[in-house]
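Undergrad: Predicted model and sequence follow; I will ask about them next.
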Amino acid sequence: MPINVQVEKNNNESNANVIRRFTKRMQGSGIVRRMRGNRYYSRTKSQNVRRMARLKKLDKKALYEKNLKLGKITDQRR
């Protein structure tokens, strides 16, 4: 969905004023906001990757609780 923004220079108008009008039109059309939103785009992780990460986290939690129960580590959360 491309949106074209065009500004023409009027008589007796400075270049700085033309650039300022162009910038305002770009912001008004939403192009700047949309491009900044796309700047750090990251894909959504697949269901399998999320599942494996969750299983790994649960394993780490179980190992931590086991070591805590055996007295090998002290509880740092409290």
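TA: All right, it came through fine. Numbers count the residues shown, from 1 in each chain.
Undergrad: Give me the residues contacting the top helix by length along the chain.
TA: If you go by DSSP state H, the chain has its longest helix at helix 47-70. For helix 47-70, the surrounding residues in contact (Cβ atoms under 8 Å, 6 or more residues apart in numbering) are 45, 73-75. Quick note: C-beta positions are derived from backbone N, CA and C, even for glycine.
Undergrad: Look at the residue nearest in space to the middle of the chain and report its pLDDT.
TA: Nearest to the mean C-alpha position of the chain, by Cα atoms, centre = their mean, lies Y40 at 4.8 Å. Here the pLDDT value assigned to Y40 is 87.
Undergrad: Same question for E65.
TA: For E65, the predicted pLDDT is 93.
Undergrad: cool, and K9?
TA: Value for K9, per-residue pLDDT: 92.
Undergrad: cool, Q27 as well?
TA: According to the prediction, Q27 has pLDDT 90.
Undergrad: Which of the helices or strands spans it?
TA: Assigned by DSSP states H and E, Q27 falls within helix 15-29.
Undergrad: Output that helix as PDB, restricted to C-alpha atoms.
TA: Provided in PDB are the C-alpha atoms of helix 15-29 (Å, rounded to 0.1, in the frame of the first residue of the first chain):
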ATOM      1  CA  ASN A  15      14.000  25.500   0.400                       C
ATOM      2  CA  ALA A  16      13.900  25.100   4.200                       C
ATOM      3  CA  ASN A  17      10.200  25.800   4.200                       C
ATOM      4  CA  VAL A  18       9.600  23.200   1.400                       C
ATOM      5  CA  ILE A  19      11.500  20.600   3.400                       C
ATOM      6  CA  ARG A  20       9.400  21.500   6.500                       C
ATOM      7  CA  ARG A  21       6.100  21.100   4.600                       C
ATOM      8  CA  PHE A  22       7.300  17.800   3.100                       C
ATOM      9  CA  THR A  23       8.200  16.500   6.600                       C
ATOM     10  CA  LYS A  24       4.900  17.500   8.000                       C
ATOM     11  CA  ARG A  25       3.000  15.700   5.100                       C
ATOM     12  CA  MET A  26       5.100  12.600   5.700                       C
ATOM     13  CA  GLN A  27       4.300  12.600   9.400                       C
ATOM     14  CA  GLY A  28       0.600  13.300   8.600                       C
ATOM     15  CA  SER A  29       0.300  10.400   6.200                       C
END
